[in-house]
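> Generate coordinates for the sequence data below:
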Amino acid sequence: MYPVWVDEGRKRVLAIVAGILVARHLKTADDLFGGPQRSPWTDALIAAAVQWAERIMRTIDGVHS
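Now for the predicted structure:
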């Protein structure tokens with residue numbers, strides 16, 4: 001995870017990248033919102049997308065630091 005001082009712009013970029021990665025796999029509103037209880041599959045998919053977004057940002061940082 002990033003330190004507390006990470007700027008809001010960087011957080012927005014991570015959210016957008018993770019959203020794009022997740023959106024490719026969620027086909028219906030039920031996939032996104034689930035039923036009355038949360039979907040473990042959706043939660044796992046979102047967690048994986050955030051991890052990949054962070055990895056992508058670290059790669060970009062390594063190239064453009």
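
> Give me the phi and psi for L26.
Torsion angles at L26 (phi, psi; degrees, to the nearest 10) stand at phi -100, psi 110.

> Now do it against G19, distance only.
Plainly put, L26 is 10 Å away from G19 if you go by Cβ to Cβ, to the nearest Å. Backbone N, C-alpha and C define where each C-beta goes, glycine included.

> any idea how far P40 is from Q51?
Between P40 and Q51 the distance, using Cβ to Cβ, works out to 16 Å.

> What of T59?
T59 sits 13 Å away from Q51, taking Cβ to Cβ as the criterion.

> Ok, W41 next?
Distance of W41 to Q51, computed by Cβ to Cβ: 16 Å.

> Ok, H25 next?
Distance from H25 to Q51, by Cβ to Cβ: 14 Å.

> which stretches of the protein have low pLDDT?
Residues of the chain that meet the criterion pLDDT under 70 lie in 1-6, 28-38, 65.

> quick one: the helices in this structure?
Assigned by DSSP state H, the chain shows helices spanning 8-23, 29-33, 40-63.
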